[in-house]
Structures are given as structure tokens and as C-alpha cells.
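S.K.: I would like to see how this sequence folds:
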Amino acid sequence: MTPVAPGTTMAFAVVSPTLAASASQRPTGIPLSLRPGQAWVAGRPLSSPAAPAERARPARRQAAATMAAPDQAAAAAAAAAAEAAAADTHTPANGIPPPAEGLDWATLGFQFRPTNCYVRYTYRDGEWSSTPELVTEPYIKLHIGATALHYGASCFEGLKAFRAADGRVSLFRPDENAKRMASSAARLLIPEVPADLFLSAVKTAVRENIEFVPPYGTGGSLYVRPLLFGSGPKIGLSPADEFTFLVLVTPVGDYYAGGSAPVTAVVTTDYDRAAPRGVGHVKVAGNYAADLLPNTLAKRAGYPINLYVDAENQRSVEEFGTSNFVGIRGNTYVTPNSPSVLPSVTNKTLATLAVDAGMVVERRPVDIEEVGEFDEVAACGTAVVITAVTRIVYKDKVIVVGKEVGADPEVVGPRFAALYKQVRGIQCGELPDVHGWCFDVYE
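M.R.: Down below sits the predicted model:
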């Protein structure tokens, strides 16, 4: 299917029969949807509103052509739009379309669900394409010699968009994800995605799938996955001549089925997450492929997450399989400073809030035996924010976190519970965003 660039004017577009009436059934004068698969509400396309200063402009995704004569079409379209607007009691005053109906937002889980489209840019001849493509089919046509397939030339990011009580939709700290993707790209000799292009792409992806942002109060969010990879062919080991940057989105709930309940982790000693001076500090696809086997073995043994220690001595804590390690000891927030650990945006967020709360932040080596002396331990990352870890199985022993302060291993500790509540409050617009972390997708 040919992708559609934003702003494109079409005389006709095919619309999914499961989401909209056919052209022959639709009332004369209603503009045809520009994008296949577009959802319809109250007889009109569920299209994104303009930015605050542009709300009076027509929606970009409606086609210019209608099925009537020009003058009659304009009058009919205006009348139909007014009628549809009067009938639509779901869209809030700010013009942002509400969540789609028919999804059980409370039981989303953390899995891929189809949405309207993904955003794609292509790098050729030394530059990125100037406008994004909106691709409606969830597939990629890729050359069999692509370096992503043969040499793992692929990196990605993960961030979320949240709906506030007033309907506003914001991305949380996408500027930090742009910086981290640039670091990953440099390590793999992939052209950097400029920060402004990255921000534009993630905002576009959210706006074009705005109805899939879960309702405020459900605990859900729209997970945003930017992906950058070598799409040009090379048989010898060398960087590709073509690269693809895309952004997909999907609505999600809790990453772990247990939600905020504390978990028991197991230390992986038969496998290493990353080698010293390797690629552990960047978010490349191969790091996660290497974790598939140990992660799966841990789950089969009954542990929802696994913890890695350093490759050389197997003593210094590095990070959990998909999350950073953070701990609290007294009034100190501690996280490992290993060069093999991925810099977590969530960890940075928590550390900043810990300082705001009067805590001391230490980035230093953490010996596995010291873990039992912590008051609280957690895994932190985009998918979970915080998952409390109250027991860690290390070889033939079980380390109980918080034992020295009489903590209940079945309850999330008070410090991390407070930090979690603060992060979620900022993300959902319930608390002041004093650090400027939330980016409105319509601004």
C-alpha cells in the first residue's frame, strides 16, 4: 500500500469497511477520509484537532474533494459538519478526540495492538526525507541484504503519551529519548535523527492515533516506539547507504500482570548482559536479543525479572533485564554507575525528584551483598516506572530487602511508593510539571 504524506490532498481514498460506511452509503457532501482505516464518529472522521492557535482550520486528514458540485459540496459539507458536531457529545471543548470506544482499557496489558498508522522517514543520499509518511499497513518492505537483518544495525526507544483529566495529551520527556537515540545511532554508525525531527515524528504518531490514548484514570498510556535501522543492502561488514526511522504506537496497561505488587528477582550468573566497553550503554536491539534466553529461563523458574551483575567478577550490580536498578538506603538514592548500564530516562526522573525531596543521590558501584542492606530496591523504566523488588535470589541464598528496617516484603516501600505517585501525577497532569517534562502533542 502506498503511504500517505501529511497534508496530501486526494480525490478519493478507500476506507476500512469495518470502521466506516462505504462511499455509496455515506451522505453526499461528507468529505472522504484521507487515510484508510480511519475511524468515524457521529458520521464524520475522527480526525485530530489543529494546534491551539489553528483550531479554526480544517482538519488535515479530510480530503478536499466531495461527491457533489463544488458550490453545493461546500454548503453540504458545512451543514453536515455542523450537524455532526451537534450530535457528537463525546469530543471535549478543546477539540481533542476522545478515546475510542470498544476497547477494554482496564485490561490492556503490555502487548501490541493495531492502531491507525505508523510514521516513517528515510535517509538517502546524505539526508533524511523532509516529510513523514503515514503508513497504514503494519508491515515493512525490506531488502534482503539490509544491515539490520545481517549485522543488527538497529536501535530503538520507548516513551509514553498520557491523557490528562482535561483531555490534553502529552509525551513524557521525549527530548531525553531523542538524545539517547542519537547516542545509540553514533555507536552503530547510523546517521543521527535530529532532535527536532525526532520530536516532530513522535508527536505526529500520537496525533494520528490520538483515539488510542487511554482515558484518564485508567492507568493506561500510549506506548511510543521509535525504531531506527539500516535498511540498505550490504553483504560485507560496513554501514548501509539507506536507513529507516519509524515511530509506531500502541495502547498499553501494566507491563507486569501483578501491577504495583512487589516481585522477587533472580540474579543471572550463567549469562552476561553486556561486556565491558561493549554496547550495554546504548539501546541497541542486540542487547535485548541476548536477554531473551536468560529472561525466559527466569520466568520459567517463577521470577518475573532477572538481575545482571558485572561480567568480570559477577559481584557488582548492573541492571535488571529491561530496567535500571535503584535502591534507597536511609536518605540516599543509589544507582549503579557501571559504563555497561543503559542511562534510563525514568532513573533520571526519579533521581531529580529524590533531590527535590531532600534526598542525596549516589551513582556508584553496588556490591550484590550490599543489596540486603537497602531499605528499598526497585526496577525502573518506561514500561513500569517502578517495580518494587523485595527479594533477590542470588546463587543459593535469598536476599530480603528492607529486613534491617522491618519492611514488609509484600508491600511497596514508602519512598518508592511516593516517587511513583509523583511521577504518575506529573505524567497525567495531576501535579505541577515544574521541570518542563511534559510535551503537549498539539504544540
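
S.K.: How many residues are close by the nearest residue in space to Gly302 that is not next to it in sequence?
M.R.: Excluding its sequence neighbours, the residue lying closest to Gly302 (C-beta to C-beta, 6 or more residues apart in numbering) is Thr264, at 8.0 Å. All C-beta spots, glycine's among them, are computed from the backbone N, C-alpha and C. By the other C-beta atoms under 10 Å criterion, the neighbourhood of Thr264 contains 18 residues.

S.K.: Thr264 reaches Ile392, doesn't it?
M.R.: Yes. Here Thr264 lies in contact with Ile392, judged by C-beta atoms under 8 Å, at a distance of 7.2 Å.

S.K.: was I right about Leu431 contacting Gly425?
M.R.: Yes. Contact criterion C-beta under 8 Å: Leu431 and Gly425 qualify, at 3.6 Å.

S.K.: which residues are common contacts for the two?
M.R.: Residues touching both Leu431 and Gly425 (C-beta atoms under 8 Å, 6 or more residues apart in numbering): there are none.

S.K.: re the thing from before, what's opposite the residue nearest to Gly302 in the beta bridge?
M.R.: Beta-bridge partners of Thr264, counted by DSSP bridges, are Arg391.

S.K.: give me every residue that touches it.
M.R.: Gly302, Tyr303, Pro304, Val389, Thr390, Arg391, Ile392, Val393.

S.K.: If any of the residues you listed are buried, give me the PyMOL selection for them.
M.R.: Selection of buried members from those for PyMOL, criterion 16 or more other C-beta atoms under 10 Å:
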select buried, resi 303+304+389+390+391+392+393
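
S.K.: Export the contacts of Thr264 to CSV and append columns for pLDDT.
M.R.: Putting the contacts of Thr264 into CSV (pLDDT from 0 to 100) gives the following:
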residue, pLDDT
Gly302, 96
Tyr303, 97
Pro304, 94
Val389, 97
Thr390, 96
Arg391, 97
Ile392, 97
Val393, 97
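
S.K.: Between the contacts of Thr264, which sits nearest Gly230?
M.R.: Of all those, the one with the least separation from Gly230 (C-beta to C-beta) is Pro304, at 33.3 Å.

S.K.: confidence score at the residue nearest to that closest one when sequence neighbours are not counted?
M.R.: Closest residue to Pro304 apart from its sequence neighbours, by C-beta to C-beta, 6+ apart: Val263 at 4.9 Å. For Val263, the pLDDT comes out at 95.

S.K.: still on that earlier bit, would you mind measuring from the residue nearest to Gly302 to Lys348?
M.R.: 27 Å (C-beta to C-beta, to the nearest Å).

S.K.: Helices of the stretch 101-250 of the chain, start to end?
M.R.: Taking DSSP state H, counting those that start in this stretch as the test, the helices found in the stretch 101-250 of the chain are 147-151, 174-187, 195-207.

S.K.: what's next to the first one, contact-wise?
M.R.: Where contact means C-beta under 8 Å, 6+ apart, the residues beyond helix 147-151 that reach it are 142, 153-154, 229-235, 237, 239-240, 285.

S.K.: hmm, which of these are the buried ones?
M.R.: Neighbour-count burial (16+ other C-beta under 10 Å) is assigned, among those, to Ala153, Ser154, Phe229, Gly230, Ser231, Gly232, Pro233, Lys234, Ala240, Ala285.
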